[in-house]
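J.: Have a look at this prediction, sequence included:
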Amino acid sequence: MSKPEGRLSIAALSEVGRKESNSGLRTILLRYLNHNSRERLLDIGGGSGLLTETLADVFSQILVLEPNLGKLEYGAKHRPDVGFIRGSAQQVPVVEGKIGTVVSVAAFHHFPDQHGALEEMKRVLKPGGLLMLAEIDVSKTSGRILRFFENKIVHGGSHFLESPQLVEMVKGHGFSDIAIDRTSRGYVVVAKNNPT
Ligand SMILES: C[S@@+](CC[C@H](N)C(=O)[O-])C[C@H]1O[C@@H](n2cnc3c(N)ncnc32)[C@H](O)[C@@H]1O
């Protein structure tokens with residue numbers, strides 16, 4: 001028997017109510033993009049590609065890296081403009097220096113090795129390429145509720161950082177020109193990949 005169309009799949013449910021916050025993220029990203037960072041976009045932990053797809057007009061190629069098979073299948077079925085790669089932030093299956101912009105939205109707190117993930121982001125980015133990390137703000141009540149829900153009820157193991165901690169971490173991995181923006185869901189750290 002064939003699988004029912006995934007209207008109520010986890011992948012479909014995870015997209016509900018995201019259009020507004022995604023448009024805010026697009027606006028922030030466009031503000032920081034320079035010529036060098038416009039070529040290829042990699043969205044790490046990009047789920048089913050909802051945000052990624054909205055950036056198809058800006059980049060020559062848009063890619064999602066995602067470990068969850070259900071989200072990959074849903075995205076591949078509904079978003080023909082997006083390239084989907086199965087994998088994780090700890091080991092990005094992309095050749096060094098090939099990506100103009102790396103984004104990661106509400107995913108960094110899931111990464112089991114956050115330092116390793118930043119090293120991988122730096123490795124795949126071109127010199128001068130752009131990094132944008134959007135995270136939940138756990139200094140706010142809404143963020144703390146989400147952290148409780150994720151760590152105590154859903155799966156656990158998530159490691160949320162407040163914005164100054166993430167900025168320090170990004171700086172420590174050799175990124176420069178670091179800026180912070182606020183969104184309806186949290187904060188965004190944007191940084192440039194300096195050649196080492
Ligand atoms: C809250 S969802 C956000 C999805 C998407 N970025 C969005 O904004 O809709 C977090 C995503 O991170 C992915 N993820 C979890 N662990 C990961 C890892 N180690 N490497 C890459 N992605 C991961 C999950 O599968 C999930 O799709």
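T.: Received the coordinates, thanks.
J.: check contacts around Lys140.
T.: Gly186 (CB atoms under 8 Å, 6 or more residues apart in numbering). Every residue, glycine included, has its C-beta placed from N, CA and C.
J.: before we move on, what about Ile10?
T.: So Ile10 contacts 70-71 (CB under 8 Å, 6+ apart).
J.: Please report the distance of it from Glu73.
T.: 11 Å (CB to CB, to the nearest Å).
J.: Kindly report the same for His109.
T.: In terms of CB to CB, His109 sits 24 Å off from Glu73.
J.: between those two, which one's more packed in?
T.: Shown here are His109 and Glu73; by other CB atoms under 10 Å, His109 has more neighbours (20 against 16).
J.: Would you check that the more buried one makes contact with Phe160?
T.: Yes - His109 is in contact with Phe160 according to CB atoms under 8 Å; the separation is 4.5 Å.
J.: what residues are shared contacts of these two?
T.: 135-136.
J.: In the protein, what helix or strand scores lowest on average pLDDT?
T.: Least confident helix or strand of the chain, by mean pLDDT, DSSP states H and E, is helix 10-13 with a mean of 74.
J.: who in this structure is up against the ligand?
T.: Contacts of the chain with the ligand, taken as CB under 6 Å from any ligand atom, map to 14, 18, 44-47, 50-51, 66-68, 71, 88-90, 105-107, 110-111.
J.: secondary structure element for Ala56?
T.: Assigned by DSSP states H and E, Ala56 belongs to no helix or strand.
J.: Go through stretch 120-131 and flag the buried ones.
T.: For stretch 120-131, the neighbour count (16 or more other CB atoms under 10 Å) marks 120-122, 124-126, 128-131 as buried.
J.: what's next to that stretch, contact-wise?
T.: Stretch 120-131 is touched from outside by 29, 32-34, 36-37, 39, 42, 44, 89-92, 94-104, 170, 173-175, 189-195, with contacts defined as CB under 8 Å, 6+ apart.
J.: Ends of it, what's the gap?
T.: One end of stretch 120-131 sits 12 Å from the other (CA to CA, to the nearest Å).
J.: likewise stretch 30-39?
T.: 13 Å.
J.: Stretch 143-160 too?
T.: With CA to CA applied, stretch 143-160 spans 9 Å between its terminal residues.
J.: per-residue confidence averaged over that stretch?
T.: Computed over stretch 143-160, the mean pLDDT rounds to 82.
J.: before we move on, what about stretch 180-188?
T.: In this model, stretch 180-188 has a mean pLDDT of 91.
J.: Quick one: distance of it to the chain centre.
T.: Remark: stretch 180-188 is offset 13 Å from the chain centroid, using CA atoms, centre = their mean, to the nearest Å.
J.: residues in contact with it?
T.: Residues from elsewhere that reach stretch 180-188, judged by CB under 8 Å, 6+ apart: 20-21, 24-25, 28, 106, 132-137, 140, 143, 163, 167, 189-190.
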